[in-house]
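Engineer: how would this look folded up:
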Amino acid sequence: MRVKGFSAAAVEAGIRYKNRLDLGLIYSDRPAVTAGVFTTNRVKAAPVLLDRKRLQRGQAQAVLINSGNANACTGEKGLEFARLTADMAARELDIDPEFVQVASTGVIGEPLESEPFARAMPGLVKALSRDGFDDLARAMMTTDTRPKIVHRTIAVDGVLVSILGVAKGAGMIMPNMATMLCFVLTDARIVFPVLRDIVTKGVETSFNRITVDGDTSTNDTVLVMANGAAGNGWLEEDNPGAVATFRAAMEGVFSELATMIVADGEGATRMVTIRVEGAREQEAALDAARTIANSPLVKTAFFGRDPNWGRIMAALGRSDCFFHPDRVCISFDDVMMVENGLGLGPDAERKAAMVMEQKTFTVHVQLNDGVECGEILTCDLSNEYVAINADYRS
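Structural biologist: Numbering: from 1, shown residues only. Okay, the predicted model is just below:
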């Protein structure tokens, strides 16, 4: 999996754990047009604060990523440390420090030490390779059980263009956005306003449509870098057909990575789509779907294979979505359990319980009050989720 002009590497720096890849680097042979979307949490980690400021110029050339420590709630020293590590990478790469983005994931509230970074940086840069993205994806992991990487090649105006995305995330997953880092690289030639529009809208319909546990992180980051090495005609507003092709491919990469994150949710055994239909407004439908998807009672019922539709109705009722309870219908895949607000009895529930044995299924909630719909992807909530998060820092 390669993208022209991009390389990556990862090393064991010993930032928090031994014998584990924990420091990664992405490098573009040339400055790349870069757009990003970051956490909406009021508490923002130092890397987020630094990256947002640097991205005002719309360009970057490298991303330094560490796991094990989020560098969040670390004050001015944390911000100074983010700049320091970016400077370390810039010196080894011989590039402008302002072109270096940084990203961190891990424990909140603990200071980082510079020594592991200084010791590891020369070897990290030396290890840069066109084939280094698998190692990079592993270095980003915290409670993830597997790396998340997607690669696509498309034709844009007759020129092959590659897109490669790597992401991490398994817990503290909830819009806007999820506890995740995502880096998407492309050799497409594209102007900044178009790339920014594609990234902003693509995140909204992918990463902002998933939840594992309803928590929003301090470090959420999506960065997309386009270095133009493919040599295609410029993707700009005057070339709408090519832009549409590229947008669809980019959104596909986002969606696939978002699905991987939910599938790897901490302790998850089932992946469930909550689809609310027949609402008056789309935002209301999304709010209703998100409220159901985040309900601990609903999610534990999914884990227990218990078609307890009353929990779904109760969650729906505390959402901000207006509806008439006596019009609501609820189905698990094609098995209807509730019609016009009333349960259809034990036989329907037995059939729904069989649907819940599947690894993936959809809960359809029909409000019969309009034409708008909203969809959120979630997972069940298991004993293992509690165990993972009870001793996360140990």
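Engineer: ok, T269 touching Y385?
Structural biologist: No: using Cβ atoms under 8 Å, T269 makes no contact with Y385, being 10.1 Å away. C-beta here means a position set from N, CA and C on the backbone, and glycine is covered the same way.
Engineer: So between those two, which is more surrounded?
Structural biologist: The residue with more neighbours, out of T269 and Y385, is Y385; 23 against 14, by other Cβ atoms under 10 Å.
Engineer: residues contacting the closest residue in space to R30 that isn't next to it in sequence?
Structural biologist: Nearest non-adjacent residue to R30, counting by Cβ to Cβ, 6 or more residues apart in numbering: N227, 5.5 Å away. Each residue near N227 by Cβ atoms under 8 Å, 6 or more residues apart in numbering is listed here: K4, G5, F6, S28, D29, R30, P31, A32, V33, L185, T186, D187.
Engineer: same thing but at 7 Å, please
Structural biologist: Going by Cβ atoms under 7 Å, 6 or more residues apart in numbering, N227 touches G5, F6, S28, D29, R30, A32, D187.
Engineer: ranking those residues by neighbours, who comes first?
Structural biologist: Most crowded among the contacts of N227, counting by other Cβ under 10 Å, is A32 at 28 neighbours.
Engineer: ok, whichever strand or helix holds that one: who's next to it in the sheet?
Structural biologist: Counting by DSSP states H and E, the element that carries A32 is strand 23-38. Here strand 23-38 is paired, per DSSP bridges, with strand 6-11 (antiparallel), strand 59-69 (antiparallel), strand 221-226 (antiparallel).
Engineer: Can you say which of those is nearest to V100?
Structural biologist: strand 59-69 (4.8 Å; Cβ to Cβ).
Engineer: Let me know the next secondary structure element after that closest one.
Structural biologist: Using DSSP H and E, the first helix or strand after strand 59-69 is helix 75-93.
Engineer: now for the helix or strand just after that next one, which elements pack on it?
Structural biologist: Downstream of helix 75-93, the first helix or strand assigned by DSSP H and E is strand 100-107. Using 3 or more Cβ pairs under 7 Å, 6 or more residues apart in numbering; DSSP states H and E, the elements in contact with strand 100-107 are helix 46-54, strand 59-69, helix 75-93.
Engineer: Surely V125 and E92 touch.
Structural biologist: Yes: with contact defined as Cβ atoms under 7 Å, V125 reaches E92; the gap is 4.1 Å.
Engineer: Comparing these two, which residue is more hemmed in?
Structural biologist: V125 (20 against 17).
Engineer: my guess is T105 contacts G169, does it?
Structural biologist: No: if you go by Cβ under 7 Å, T105 and G169 don't touch, sitting 8.7 Å apart.
Engineer: picking up where we left off before, could you tell me the angle between the strand holding A32 and helix 75-93?
Structural biologist: 120 degrees (axes from the mean of the first three to the mean of the last three Cα atoms, to 10 degrees).
Engineer: and strand 23-38, which residues are buried?
Structural biologist: 23-28, 31-38 (16 or more other Cβ atoms under 10 Å).
Engineer: so where do the strands sit in this protein?
Structural biologist: Using DSSP state E, the strands found in the chain span residues 6-11, 23-38, 59-69, 100-107, 148-156, 159-168, 181-186, 221-226, 271-279, 329-332, 335-339, 342-343, 360-366, 372-379.
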